[in-house]
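In: task: produce atomic coordinates for the following.
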Amino acid sequence: MRTSYSGVDVGGANVKVYRGDSGEVEIHYFPMWRRWRELEGFLSSLGIGGRVGVVLTAELADSFSSKAEGVEYVANAAKRAFGDVVFIDVDGNLRRDVDEPERFAANNWVASVKLLSESYESFIFADMGSTTTDIVPVVDGQIMAGRTDYERLRRNELLYFGMLRTPTFFLLKDNCSSELFSITADVTLVAGLIRESDYTCDTPDGRGRSERECMQRIARQFCADLEELGEDFVRQKTGEVVEEMVRRVSAAFEEKSSEYGVDLVVGCGIGEAVLEMAAERAGLDYVSVSKEFGEVSKAFPAYAIARLVERYDSG
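Out: Numbers count the residues shown, from 1 in each chain. Below you'll find the model as predicted:
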């Protein structure tokens, strides 16, 4: 589908784009905590025309003294870069201004859920990205999740790990180094869950993204060289980390399914494979957004806000 409505998801580590004129999606690694002063120029360089829906999670970057400051900074940068901009608040209302910035913080999942609610009445929305995993129960079209990151963390509706940027030691049960020697991108690449081209963030050691370099970083987590431990040991630990990711997501699915009586998971993001394994383990039905909507799954909030603006913003 090609329209003049585009969507942009400004995250803490990535800027994800859905281009309405071509139907293409893009993921640009943009570490907000380092490059926040460059945001307006970067958004302008994307060359996006027409009306643009914008969602964000970048306000949590510690370059800002508060989330409200971060929301206002991103919103103003987007307005200057794109001109015709529409935002969405945490209750799903499309707005031209962010007059109450706290109500626009961490809102990218809201767009995804609002769009999917047109196809599904009751479901658990799940989005595993590079850094976090959103788990949002929806009952009869009503969002049952907390509205802030803090609330969602406490309710197991925001799991702070993802497919690329999570330090490996956060998910390992072994006694190991707590240095940032390896990240989940090393693990998921060795496990065959992502391709080298999907490893879009920085590597912890600044070296390459080949399988061998990933294995070397994982071995370093155990204070050893790859030659000391062997590839079989590293592959075993890789499997254990993936298993821990599946276990934690599955437990959250089971909790929300029991709490709200919902037995369907609709999953998107670069971590769809993990979400599907977790849903199967929890005994829940699973719908793949990538199968239903195509490659926009990896940048679904950007796609969703574009579709919502096209349909409901009379401007």
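In: domain parsing for the chain?
Out: 5-105+295-314, 119-283 (the TED database).
In: got TSV for these, with mean pLDDT too?
Out: Converted to TSV, those look like this (pLDDT from 0 to 100):
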stretch	mean pLDDT
domain 5-105+295-314	96
domain 119-283	97
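In: need those in TSV (columns: distance to Ala111 and mean neighbour count).
Out: All C-beta spots, glycine's among them, are computed from the backbone N, C-alpha and C. As requested, these are arranged in TSV below (distance: least, C-beta to C-beta, whole Å; neighbours: other C-beta atoms under 10 Å):
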stretch	distance to Ala111	mean neighbour count
domain 5-105+295-314	4	20
domain 119-283	11	19
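In: using TSV, lay out those domains together with distance to Val113.
Out: Formatted as TSV, the domains of the chain follow (distance: least, C-beta to C-beta, whole Å):
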stretch	distance to Val113
domain 5-105+295-314	8
domain 119-283	5
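In: which ones are touching the residue minimising distance to the centre of the chain?
Out: The centroid of the chain falls nearest to Gly129 when counting by C-alpha atoms, centre = their mean (3.1 Å). Applying C-beta atoms under 8 Å, 6 or more residues apart in numbering to Gly129 gives the contacts 11, 14, 162-163, 269-271.
In: go on, Ile48?
Out: So Ile48 contacts 6, 8, 17, 19, 82 (C-beta under 8 Å, 6+ apart).
In: just those residues: which are in helices?
Out: Mapping the contacts of Ile48 onto helices (DSSP state H) picks out Phe82.
In: would you mind putting the contacts of Ile48 into a markdown table with distance to Phe30 alongside?
Out: Shown next, in a markdown table, are these (distance: C-beta to C-beta, whole Å):
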| residue | distance to Phe30 |
| --- | --- |
| Ser6 | 17 |
| Val8 | 11 |
| Val17 | 11 |
| Arg19 | 17 |
| Phe82 | 16 |
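In: in strands, which of the contacts of Ile48 fall?
Out: 6, 8, 17, 19 (DSSP state E).
In: three-state assignment of Glu118?
Out: coil (DSSP: H, G, I helix; E, B strand; the rest coil).
In: quick one: pLDDT of it?
Out: Note for Glu118: predicted pLDDT of 95.
In: measure the residue nearest to Ser288 when sequence neighbours are not counted to Arg95 for me?
Out: Sequence neighbours aside, Glu272 is the residue nearest to Ser288 in space, at 5.9 Å (criterion: C-beta to C-beta, 6 or more residues apart in numbering). According to C-beta to C-beta, to the nearest Å, Glu272 stands 30 Å off from Arg95.
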